[in-house]
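1. How does the following fold in three dimensions:
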Amino acid sequence: MTQTPLAFDTPGFDHTSPLDRIGFDIGFDHARHALVPPAELMLDGTAVCQGWRAGRALFGLRTPAGPRGLRQWLALRLQAWREGVEFEMQQVTPHHLLQIETPVCPVTRVLLGGALQGDAAPVVTRLREDAGYAAGNLVLLSRAAARAKAGRTAAQVMAHTERLARDGVAEDGLQDGMDLAAWRRLATLMSLAVQAPAAVSARIPLFVLPPNRVRVLNASQGLQALFTLRLQAAGWSHRARAIADLLRSELRHDFNLFVGALAARLMAIPCDATPRMLRWAQEDAWTDGRVQRRWSQFAVQLGIDEAEALLQRLAHAGLGGLRMLVHEPAAATDGWCLPTQGRLPRVSRQAPGCRVSPVATANTPPQNRSATMSPRAS
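-> Model (predicted):
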C-alpha cells in the first residue's frame, strides 16, 4: 500500500505559510466529507485545491456522512481564512453552529430565511470584529442587521443610536435598513461582548436578552438577564426576597425599588404568551424609563468584583436556577455564558508567509494570555 503524498511534497505549496497550511486543511476537510470547495479556490497550485486533492486520494468515495451544519462550518472557516482571522477549531464546531441557530433575528425580530442575499437571510456574525471566530463571539443575525453592524464597534453603534434618538427619529423610521428599536437592540447585543467598567455597563438597558451561546463579559449585564428571567417565573417574589438577603444592607432598598419597577412590567405579560412573545416582552420591559433608572441606581453601586461574587452566590444558593449560568460553553446544553474574567480570542490579520499566534481562549493558562484582548478593551 503506497502512502499518500502530503501537500508539503507538492511543487508550489508554501509549507512555511500558516495561511497555506490552513487552506490545505480546509480543502482536506471538504474531501473528507465528499464536498467540493468553491470553484475559484480549485485552481491548480492553491492550498485549498491541494488539500482537497490529498483528501480525495486518501478517502476516495469512502466518506462518512457529515453532521448537519457541516457545510456552514466549512464555509465559515473559508471566510475566516480569506479574511486572515483566527478560527477557534476546538469549540466552534458544526454542533456549535447548530446551537446558535434561531428562527428569528434577535435584532430586527424578523423570521430568518428567504433569498440568500435578502435582508432576512441568516448570517453568522462576530459580535466583535477585533476578535476571532470563537465560541461566545458568534451570533446568528439577519443580513440586514449584520450589514448595519459591519465595520462598527459597540461604542460606535451606541453613539449612533443615541444620535438617532436625539434627532427625534420616529420609532418606525428606517435608518440604514433598521428602525430605532432594532438599533438599540444591536447596541445592547454588541455591548455584551465588550468588558466595560461597572459604571458603564450598569447604565446599558437590556434591550435584548443574550442569545444562545453568547458569552457575556459584564457581570452587571449577566445580573440584568438573570433577574429579568427569574422575576418572570412563578414564585418571583420569594426569589426576590432571597436575593435581597444576599445583598449588603445598603443595597437592599434600591434593589427592592428595581424589583418593583421591573415586576410591574413583567406581570403585565399575558399568561398565554408564546415563548417568542414572552422573550420580546421581557426585553421590551427595559424600554421603561423607570426600570432603567431603578436598575442604574442599584447596579452602579456594585463593582465588577461584587457583581461577579453575587452571581456566584446566586448560583450556589440555587437562586440562579438556570443552566445558562455557566462558566464554559461546553458545560451547558442551552443558554448564554458568563465566564469570570472571560476572554475572546484576538483577531489576527496576516499576510501570506507570516506566523500565526496560537488562538487564546478563556481556558488559556495565564502565562499564555499575552495574545488575548485586553480585558478592558472597548
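
2. contacts and neighbour counts: CA atoms only from here.
-> Noted.

3. all helices of the stretch 101-250 of the chain, in order?
-> For the stretch 101-250 of the chain, the helices defined by DSSP state H, counting those that start in this stretch cover 143-149, 154-166, 180-191, 198-201, 219-230, 236-245, 249-266.

4. buried ones in the fourth one?
-> Going by neighbour count (16 or more other Cα atoms under 10 Å), the buried part of helix 198-201 is Ala198, Ala199, Ser201.

5. That one packs against which elements?
-> helix 219-230 (3 or more Cα pairs under 8 Å, 6 or more residues apart in numbering; DSSP states H and E).

6. Check the last one too.
-> Helix 249-266 sits against helix 236-245, helix 289-299, with contacts defined as 3+ Cα pairs under 8 Å, 6+ apart.

7. for the ones you listed, which one sits closest to Lys149?
-> In terms of Cα to Cα, the element of the helices and strands packed on helix 249-266 nearest to Lys149 is helix 289-299, at 24.5 Å.

8. deepest of the helices of the stretch 101-250 of the chain, which one?
-> Most buried of the helices of the stretch 101-250 of the chain by mean neighbour count (mean count of other Cα atoms under 10 Å) is helix 180-191; its value is a mean of 24.

9. got the contact list for it?
-> If you take Cα atoms under 8 Å, 6 or more residues apart in numbering as the criterion, helix 180-191 is touched by 106-108, 127-128, 145, 149, 153-155, 157-158, 161, 164-165, 169-174, 204-210.

10. Show the contacting residues for the residue lying closest to Gly69 once chain neighbours are set aside.
-> Of all residues not flanking Gly69 in the chain, Pro94 sits nearest, at 4.8 Å (Cα to Cα, 6 or more residues apart in numbering). Counting by Cα under 8 Å, 6+ apart, Pro94 touches Pro67, Arg68, Gly69, Leu70, Gln72, Trp73.

11. For Pro94, give its distance to Ala219.
-> As for Pro94, its distance to Ala219 is 29 Å (criterion: Cα to Cα, to the nearest Å).

12. What count of nearby residues applies to Leu41?
-> When neighbours are defined as other Cα atoms under 10 Å, Leu41 has 17 of them.

13. Isn't Leu217 up against Ala193?
-> Yes: proximity of Leu217 to Ala193 meets the contact threshold set by Cα atoms under 8 Å, at 5.6 Å.

14. what's Val123 in contact with, if anything?
-> Applying Cα under 8 Å, 6+ apart to Val123 gives the contacts Leu140, Leu141, Ser142, Arg143, Ala146.

15. can you put the residues you listed in JSON lines and add distance to Val291?
-> As requested, these are exported to JSON lines (distance: Cα to Cα, whole Å):
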{"residue": "Leu140", "distance to Val291": "28"}
{"residue": "Leu141", "distance to Val291": "27"}
{"residue": "Ser142", "distance to Val291": "29"}
{"residue": "Arg143", "distance to Val291": "31"}
{"residue": "Ala146", "distance to Val291": "29"}
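
16. Now render these as a markdown table, adding distance to Pro37 and pLDDT.
-> Formatted as a markdown table, those follow (distance: Cα to Cα, whole Å; pLDDT from 0 to 100):
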| residue | distance to Pro37 | pLDDT |
| --- | --- | --- |
| Leu140 | 23 | 97 |
| Leu141 | 24 | 97 |
| Ser142 | 25 | 97 |
| Arg143 | 23 | 96 |
| Ala146 | 24 | 96 |
